[in-house]
Each structure stands twice: as structure tokens, then as C-alpha cells.
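A.B. asks: sequence first, then the predicted structure, then my questions.
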Amino acid sequence: MYIKNVNTYTYDGSEELLINTEDTKNIYIVENFISKDHLKIINDYIKEVGFTENKNPVEFPLAILEFNKNKEIIDILDDYRKKVQFLLERDFDCEVEPAVFNEVARYLPGDNLNEHADKVCESWRDLSNVLYYTDDYEGGEFFFSQYGIEFKPKAGTLLYFPAGANYSHGVKTVTSGERYATTTFWKVKKWNSIEYS
């Protein structure tokens, strides 16, 4: 069933956007995707290394930590990247360009991420995924306002979904603790059946 777009995220053409209520089936949440041992290694590294201000604060105004100096973590995340790629290609019946999992964003109390659609921000983005490393914080819920979906991901969770305008999303304000997550965007080389974004 198609309904009028009900969110507050606006851009050229957003007033004409209709939402298919069945599109929620394309939002995947996989708990315990990252093992507890790997979460410990990643979180220990995050605590040891400092964050830097993001080079593109207009779109993503959070501090970033790059993993590119730790071979153990790079290898761990590359294994998860391959698993995510398999899931994306299987569940969306497509072939994607390889992506890189190389950084984590930090949300401190007061930080949030305004509602947006990844493909509207950058037209090459076709699919999106998020990996979550912590859950010992308050606030910071991920939401898809168009569908009335809001949840607080557990540490180790993988979230993936199409990047198009009918999957606009955001992160509510963190009220205490620190929230760490890696967001990755994927370009589709070939859609085999339905084009999802």
C-alpha cells in the first residue's frame, strides 16, 4: 500500500514521494553479527586511539577514528565486510562494488544525526549498512520515521537497507555514554531483478 511521505526530511521532489508500507521488509537487523571476542578487540582499540574531527562536518558532524593503522582490526573488519557483501548481494539480488570498513564514528552526549537519505546525499550510494560496537549509552536510537521504526541496536548488530529516499533515517540524540558505529555505503554494479533505490 502506498502512502504519502510523512517525515520532515525535505529536498527537491520530496513532496511527491510516496512510501510503500511493504518496504519495511527491506530493512534487515542482524543481532550478534560481530562476535563478542571481536567486539572486545575493536572496543579496546577504540579506547586506546583518539578520534579526530571529521573532514566533512556538513554532512556528518561527528568525530571519526580510522582503523587503517591496525592490521588485526583491518583483517577482522575485512572478514565482516565480505559477509555483509554476501548478504547484500543475496537479499537484494544484485552485484556490488567492494566497499571498505575503515572507520568508526563517535556519538557523545548531545550528538545526533539528522534525518536524511543516503542516496539523496550522494547519488552513487545504492545500499547502506551500519555496524554497532557498543550499547552502554542512553538515547541514540536509530529511526526510520516514514515507517514508525525506532530501535536501539545492541553491540554487535548489523543493520542494512537500500539507500534511496524511501529509506530516510536518522539517529536520536545520545543523552549519556558513548555510541560507536561504522556506516558503509555500497554502489551496485548490477541489479538482477528489482532496483531497490
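C.D. replies: Received it, and whenever you're ready, just let me know what you need.

A.B. asks: which ones are touching the residue positioned nearest the centre of the chain?
C.D. replies: Nearest to the mean C-alpha position of the chain, counting by Cα atoms, centre = their mean, stands Val130 at 3.0 Å. When contacts are counted by Cβ atoms under 8 Å, 6 or more residues apart in numbering, Val130 touches Phe142, Pro153, Leu158, Leu159, Tyr160, Ala181, Thr182, Thr183, Thr184. (Glycine included, C-beta is placed from N, CA and C.)

A.B. asks: check which helix or strand it maps to.
C.D. replies: Following DSSP states H and E, one finds Val130 within strand 127-132.

A.B. asks: what's the average pLDDT for that strand?
C.D. replies: Mean pLDDT, computed over strand 127-132, is 98.

A.B. asks: ditto for stretch 102-115
C.D. replies: 92.

A.B. asks: what's the helix or strand for the nearest residue to Leu131 once chain neighbours are set aside?
C.D. replies: Nearest-residue entry for Leu131: Thr182, 4.5 Å, with adjacent residues in sequence omitted and distances by Cβ to Cβ, 6 or more residues apart in numbering. Using DSSP H and E, Thr182 falls within strand 179-186.

A.B. asks: list the helices and strands the helix or strand following that strand packs on?
C.D. replies: Past strand 179-186, heading to the C-terminal end, the next element that is a helix or strand (DSSP H and E) is strand 188-191. With contacts taken as 3 or more Cβ pairs under 8 Å, 6 or more residues apart in numbering; DSSP states H and E, strand 188-191 sits against strand 94-96.

A.B. asks: ok, residues contacting the strand it packs on?
C.D. replies: The contact list for strand 94-96, computed with Cβ under 8 Å, 6+ apart, reads 85, 88-89, 126-127, 186-192, 196.

A.B. asks: which ChimeraX command selects the buried ones in those residues?
C.D. replies: Filtering the contacts of strand 94-96 down to the buried ones (16 or more other Cβ atoms under 10 Å) takes a single ChimeraX command:
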select :85,88,89,126,127,186,188,196
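
A.B. asks: let's have the contacts of strand 94-96 in JSON lines, adding distance to Asp23.
C.D. replies: Formatted as JSON lines, these follow (distance: Cβ to Cβ, whole Å):
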{"residue": "Gln85", "distance to Asp23": "22"}
{"residue": "Leu88", "distance to Asp23": "16"}
{"residue": "Glu89", "distance to Asp23": "19"}
{"residue": "Asp126", "distance to Asp23": "15"}
{"residue": "Leu127", "distance to Asp23": "14"}
{"residue": "Trp186", "distance to Asp23": "18"}
{"residue": "Lys187", "distance to Asp23": "21"}
{"residue": "Val188", "distance to Asp23": "17"}
{"residue": "Lys189", "distance to Asp23": "23"}
{"residue": "Lys190", "distance to Asp23": "21"}
{"residue": "Trp191", "distance to Asp23": "16"}
{"residue": "Asn192", "distance to Asp23": "19"}
{"residue": "Tyr196", "distance to Asp23": "9"}
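
A.B. asks: tell me which of the contacts of strand 94-96 is nearest to Thr52?
C.D. replies: Nearest to Thr52, judged by Cβ to Cβ, of those is Trp186 at 24.7 Å.
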